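[1] got a structure for you, letters missing:
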């Protein structure tokens with residue numbers, strides 16, 4: 001049995017670019033444009049973002065990123081599971097990886113924004129099942145009836161860099 005491999009993602013890889021394009025297409029198909037907060041490949045290439053892919057036997061199954069908001073606060077971005085891999089535990093494994101990395105960095109909390117529409121119900125279940133709770137908008141977000149804001153207290157001590 002081939003294990004899942006979570007590694008830094010290559011944002012120039014055609015399969016990664018296609019998965020992120022599919023992600024953006026779905027976000028615009030399910031949310032009003034002003035409520036789409038997904039990052040494109042260019043926005044994922046900034047120093048405060050770390051991007052990972054999940055592969056099995058070289059096949060891309062998903063991706064996700066961790067954005068540093070402050071020394072104490074991280075944000076999950078661009079979580080996406082390929083259609084053919086949904087329901088196989090890819091998102092859970094990646095979420096556990098990102099959460100562990102946020103703890104390693106000493107973040108006191110990890111937050112995210114996801115949609116309020118039924119399309120996003122599986123994502124909300126995943127996050128809430130891992131201990132995330134509803135919170136107010138954070139960072140540069142404003143209140144939005146199309147968004148759900150979630151956070152996970154980590155109790156970390158920020159690592160000064």
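    Thanks, I have it. No experiment lies behind these values; they were computed from the predicted model shown. Numbering: from 1, shown residues only.
[2] Every contact and neighbour count from this point should use C-alpha atoms.
    Fine.
[3] where exactly do the strands run in the protein?
    4-8, 49-56, 59-70, 73-81, 109-115, 133-134, 147-153 (DSSP state E).
[4] Turn those strands into a markdown table, including distance to residue 18 and mean pLDDT.
    Converted to a markdown table, these look like this (distance: least, CA to CA, whole Å; pLDDT from 0 to 100):
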| stretch | distance to residue 18 | mean pLDDT |
| --- | --- | --- |
| strand 4-8 | 17 | 95 |
| strand 49-56 | 13 | 97 |
| strand 59-70 | 10 | 97 |
| strand 73-81 | 12 | 96 |
| strand 109-115 | 21 | 97 |
| strand 133-134 | 31 | 97 |
| strand 147-153 | 25 | 97 |
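[5] CSV please, covering those and showing mean neighbour count.
    Formatted as CSV, those follow (neighbours: other CA atoms under 10 Å):
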stretch, mean neighbour count
strand 4-8, 16
strand 49-56, 20
strand 59-70, 21
strand 73-81, 23
strand 109-115, 23
strand 133-134, 15
strand 147-153, 20
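[6] Please produce TSV containing those strands, extended by distance to residue 103.
    Converted to TSV, the strands of the chain look like this (distance: least, CA to CA, whole Å):
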stretch	distance to residue 103
strand 4-8	17
strand 49-56	14
strand 59-70	12
strand 73-81	10
strand 109-115	8
strand 133-134	17
strand 147-153	10
